[in-house]
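> sequence and predicted model, in that order:
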Amino acid sequence: MGCWLGWWQVQSLSSLDIHVSGYCMAHCWSSVFCCVQRLVPEPRTFNIVMNACNAAAQYSSCVAVHSRMASQKVPPTVGTYNAVILAHCKMDQLSTAQQLFNEMQQQGCQPTHTTFITLLQSAEQHGQAQIAVSLLEQMQTMSLRLTPQCYAAAIGACAAAGQLVTARKLLADMLASSKAGMAAPAHIIMQLQDKCCDWQGAYRTYLKLLASGVRPDSQTTATAIEALWGAGNVSSCLLALQVFEGACQQGVFRLSVSVQAADTAVEFSLPVAGACMALIGLWRLLAELKGRVARDGAKILRNSVVVLLGDGQTTVPQLHPAMVQWCAVPGVPFTVDGSSVIQVKLTAPAPELARWLLSDQSLLMCPVMPAAAELEGLQETLMQDAETATLSKCRQQLLEATEMERILTQSANTLPLQYLQTRASLWQQLQAACAKLQPNAPELPHAAFVLLDQAAAAGLVDTAATDPSDGSSSVPHAWLLAACVVLASQAAAARAPAVSGGPISTATAVLSEADVANQFGAKVDDVLLGVGRVRERCPAACRGPIASAYTLVGVYLEALLAGQMERKVPPASLVGEALALSGHASSHLSSLSMPASQLAAVLLVAGRQSRGLHPVWPKALVVLTGMLSPVGSAQQQFLQELVSKAATLRHS
């Protein structure tokens with residue numbers, strides 16, 4: 001049916017519906033609107049046009065047709081409301097969609113399953129947990145069936161809002177419902193468990209599937225790997241590798257190799273179904289190539305190496321950005337060709353790849369990569385019990401360390417301008433002095449610096465003062481620096497038994513006031529006087545524990561090392577240069593506006609991003625800290641500075 005047919009050829013409303021449908025299919029919108037404007041069609045005709053507009057992503061046109069319908073006083077139907085609610089949801093106008101949802105009930109139109117799923121999916125997209133839960137309750141009141149799709153959207157909304165407890169409760173309700181639970185395939189259940197940060201639950205679902213005799217397909221395997229590897233801690237990463245190896249043995253995942261014409265390139269194809277699965281497959285491939293190059297030389301790589309990730313048919317979420325991040329790591333010889341979301345092509349010149357594989361730079365690219373045979377002997381229960389115990393211990397440490405964060409952060413925001421101008425140089429003095437006083441306690445200058453900020457906020461910094469015994473409330477910098485080091489040393493020694501066995505060194509011996517005074521060129525009596533005044537003016541900070549970003553990076557690192565058992569995983573392979581970056585960030589003005597827990601999280605994200613690790617903010621830390629993402633738009637520039645600095649630190 002051509003677009004030349006005019007509205008005047010329409011003889012009846014029934015034929016109008018036919019013509020309008022044809023115009024919509026042909027995307028002849030001018031003819032469609034001509035028909036609607038010149039006649040007063042029945043509701044069905046308007047609904048046809050509105051649905052066609054939505055199908056063509058012409059959402060504003062759908063809203064315009066609805067307005068025309070209202071102006072002509074054509075009574076709306078359930079289909080009318082469903083169409084216009086969908087249009088507003090697609091335009092991110094959830095509040096308007098909610099108003100229409102209320103209006104349709106006032107007009108006597110009963111919402112359908114389609115109405116609810118449209119609003120639920122929009123609530124998920126916007127992280128509107130309260131709206132999503134309310135919609136589920138209304139569906140139950142109306143005796144509408146709660147399908148896995150409905151539960152999935154509501155769970156996603158709660159997870160996106162950081163309400164993991166509510167999300168897990170909804171998931172438990174879904175699984176307890178015989179209809180919804182039985183209707184959901186295993187990979188959907190695991191995806192929802194992953195959204196709830198329940199990677200152990202996802203692994204149990206995978207094991208139940210294996211025990212039932214069903215061979216998991218590529219999608220199910222990838223979902224289990226995404227949940228486990230996304231947790232980021234050692235025990236879960238090992239289980240992800242175990243699942244990957246099992247998939248290889250069962251033929252679910254097969255690597256294919258071909259040599260391009262004229263021996264110009266070797267091409268490897270990895271039909272992965274997830275970003276984490278892609279990284280594991282890539283690391284396994286590179287480990288194999290490293291051994292082959294060491295034995296047979298670079299000639300086996302021909303002129304270049306091409307790696308294709310994905311099956312070329314199905315979209316793989318997060319695959320392209322994960323590979324772009326990995327290839328951006330200094331030294332990595334691969335580049336990403338194109339921006340496809342269904343298959344990512346990596347290319348590397350053979351000579352550069354051979355040099356990189358045989359160098360030390362490639363050793364820490366993967367957090368955990370034991371031999372395949374070692375994975376068969378994993379004791380899952382012991383590992384997961386150790387993981388749970390470690391996370392519980394880290395959670396307690398984090399609660400104790402951040403108890404005073406609100407007060408300390410507020411104080412740091414009132415630092416005098418004169419102090420801010422000298423803050424960077426004072427940090428360097430503290431760092432240099434502490435390195436000589438207690439070289440095996442790298443956290444000491446960070447804790448002392450926190451105290452120094454609190455002392456400055458309390459008005460104890462005054463460069464004009466020359467004698468701490470002159471009766472004024474201020475002390476010179478030398479005595480103040482020494483006093484802060486003494487107090488930090490005492491706090492660290494008092495806390496040492498509670499944090500023993502952690503991934504970073506903790507000072508156990510209290511520094512003497514005489515040694516500290518000598519290091520700063522001060523008198524012992526003056527240092528003691530300074531200690532007394534800091535305790536008097538900053539009692540909360542002195543009570544400890546002192547929540548420095550460096551200390552909290554150590555807590556996060558310990559959480560990621562959970563489940564390593566007898567295996568010794570290099571910390572840098574989990575957090576990169578995050579610990580070293582804390583020294584760079586300590587005197588940075590951007591760090592003043594952040595609580596220590598968030599600053600430590602940003603440092604960890606920077607460290608992982610600089611190593612190409614995915615995800616940069618593991619779910620184990622989401623559960624530990626309650627932060628879905630520590631990096632907002634305000635921290636993006638600071639993060640990029642840290643990533644660049646991390647590369648410099650690594651090469652130095």
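It's in. Residues are numbered from 1 along each chain as shown.
> so what's the backbone phi/psi at V266?
phi -100, psi 130 (degrees, to the nearest 10).
> S304 versus that one, what's the distance?
Separation of V266 from S304 (C-beta to C-beta, to the nearest Å) stands at 8 Å. For the C-beta atoms, the positions are set from N, CA and C on the backbone; glycine is no exception.
> likewise for L119?
51 Å.
> those two: who's more crowded?
Neighbours per residue (other C-beta atoms under 10 Å) separate L119 from S304, with L119 holding more: 27 against 18.
> which helices and strands does the strand or helix carrying that one pack with?
Taking DSSP states H and E as the criterion, L119 maps to helix 113-126. Counting contacts by 3 or more C-beta pairs under 8 Å, 6 or more residues apart in numbering; DSSP states H and E, helix 113-126 is packed against helix 78-90, helix 94-106, helix 129-141, helix 148-160.
> and that helix, how far from the chain's centre?
With C-alpha atoms, centre = their mean, to the nearest Å as the basis, helix 113-126 stands 24 Å off its chain's centre.
> likewise stretch 213-230?
20 Å.
> now do the contacts for D217.
V252 (C-beta atoms under 8 Å, 6 or more residues apart in numbering).
> need phi/psi at it.
phi -90, psi -180.
> how about F268?
phi -110, psi 140.
> what's around it, how many residues?
19.
> list the contacts of it.
Going by C-beta under 8 Å, 6+ apart, F268 touches L255, S256, V257, L285, V305, V306, V307, L308.
> and the nearest residue to the first one once chain neighbours are set aside, how many neighbours?
Counting by C-beta to C-beta, 6 or more residues apart in numbering, the nearest residue to L255 once its immediate chain neighbours are dropped is L270, at 5.9 Å. L270 has 23 neighbouring residues, counting by other C-beta under 10 Å.
> surely L270 meets G281?
Yes - L270 lies in contact with G281 (C-beta atoms under 8 Å); the separation is 4.5 Å.
> which neighbours do the two share?
F253, L255, L309.
> among these, the buried ones, what's the PyMOL command?
Buried residues within the shared contacts of L270 and G281, by 16 or more other C-beta atoms under 10 Å, are selected in PyMOL with:
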select buried, resi 253+309
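> what about G521, how many residues nearby?
When counting by other C-beta under 10 Å, one arrives at 9 neighbours for G521.
> gap between it and A514?
13 Å.
> ok, back up a step: can I get the shared contacts of L270 and G281 in CSV including distance to S489?
What follows is these, written out as CSV (distance: C-beta to C-beta, whole Å):
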residue, distance to S489
F253, 53
L255, 55
L309, 51
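> tell me which of the shared contacts of L270 and G281 fall in strands.
Judged by DSSP state E, the shared contacts of L270 and G281 include L309 as members of strands.
> go through the shared contacts of L270 and G281 and name the one nearest L209.
The nearest member of the shared contacts of L270 and G281 to L209, counting by C-beta to C-beta, is F253 at 16.2 Å.
> show the pLDDT at the residue nearest to the closest one when sequence neighbours are not counted.
Counting by C-beta to C-beta, 6+ apart, F253 lies nearest to A247, which is 4.4 Å off, once chain neighbours are set aside. Turning to A247, the model gives it a pLDDT of 89.
> who does K345 bridge with?
Beta bridges link K345 to L308, D337 when assigned by DSSP bridges.
> my guess is it contacts G338, does it?
Yes - between K345 and G338 there is a contact under C-beta under 8 Å: 6.2 Å.
> higher neighbour count, the two?
K345 (17 against 9).
> what distance do you get for that one to T388?
Distance from K345 to T388, by C-beta to C-beta: 41 Å.
> just N440 next, same as before
Per C-beta to C-beta, N440 is found 31 Å from T388.
> what's the answer for Q107, then?
Where T388 is concerned, Q107 sits at a distance of 53 Å (C-beta to C-beta).
> same thing with S134?
33 Å.
> what do you get for T422?
From T422 across to T388, the span is 46 Å (C-beta to C-beta).
> swap in A278?
As defined by C-beta to C-beta, A278 lies at a distance of 29 Å from T388.
> more crowded one of these two?
Taking other C-beta under 10 Å, A278 and T388 do not tie; A278 has more neighbours (27 against 14).
> now the helices for the stretch 301-450 of the chain?
Ranges of helices in the stretch 301-450 of the chain, per DSSP state H, counting those that start in this stretch, are 319-327, 350-357, 372-375, 380-401, 405-412, 417-437, 444-457.
> buried residues in the first one?
What it means is helix 319-327. L319, H320, A322, M323, Q325, W326, C327.
> from the residues you listed, pick the one nearest A350.
Nearest to A350 among these, with distances taken as C-beta to C-beta, is C327, at 16.6 Å.
> show me what contacts that closest one?
So C327 contacts F334, T335, V336, L346, G612 (C-beta under 8 Å, 6+ apart).
> how about a cut-off of 6 Å?
Contact partners of C327, counting by C-beta atoms under 6 Å, 6 or more residues apart in numbering, are F334, T335, V336.
> tell me the buried residues in the strand or helix carrying C276?
Using DSSP H and E, C276 maps to helix 275-296. Residues of helix 275-296 classed as buried under the neighbour-count rule (16+ other C-beta under 10 Å) are 275-287, 289-290, 293.
> next one: stretch 349-365 to chain centre, how far?
Here stretch 349-365 is found 28 Å from its chain centre; the criterion is C-alpha atoms, centre = their mean.
> same question, stretch 303-319
With C-alpha atoms, centre = their mean, you get 22 Å for stretch 303-319.
> first-to-last residue distance for that stretch?
By C-alpha to C-alpha, to the nearest Å, the extent of stretch 303-319 from end to end equals 26 Å.
> in that stretch, which of the residues would be classed as buried?
Within stretch 303-319, the residues that qualify as buried are S304, V305, V306, V307, L308, L309, G310, V316, Q318, L319, counting by 16+ other C-beta under 10 Å.
> which pair of those spans the longest distance?
Pairwise distances across the buried residues of stretch 303-319 peak at 26.1 Å for S304 and Q318 (criterion: C-beta to C-beta).
> and A132, how many neighbours?
31.
> now do the same for it: its pLDDT.
On pLDDT, A132 comes in at 96.
> how far away is the nearest residue to it once chain neighbours are set aside from L170?
Of all residues not flanking A132 in the chain, A157 sits nearest, at 3.7 Å (C-beta to C-beta, 6+ apart). Distance of A157 to L170, computed by C-beta to C-beta: 9 Å.
> neighbour count for those two, which is higher?
Between A157 and L170, counting by other C-beta under 10 Å, A157 is the more crowded of the two (30 against 27).
> low-confidence bits of the stretch 201-350 of the chain, can you list those?
Along the stretch 201-350 of the chain, segments meeting pLDDT under 70 span 263.
> nope, the stretch 551-652 of the chain is what I meant
Along the stretch 551-652 of the chain, segments meeting pLDDT under 70 span 565-567, 652.
> and the helices in it, which stretches?
572-575, 578-586, 596-611, 619-625, 636-651.
> quick one, which of these gets closest to S489.
Of the helices of the stretch 551-652 of the chain, nearest to S489 by C-beta to C-beta is helix 578-586, at 17.5 Å.
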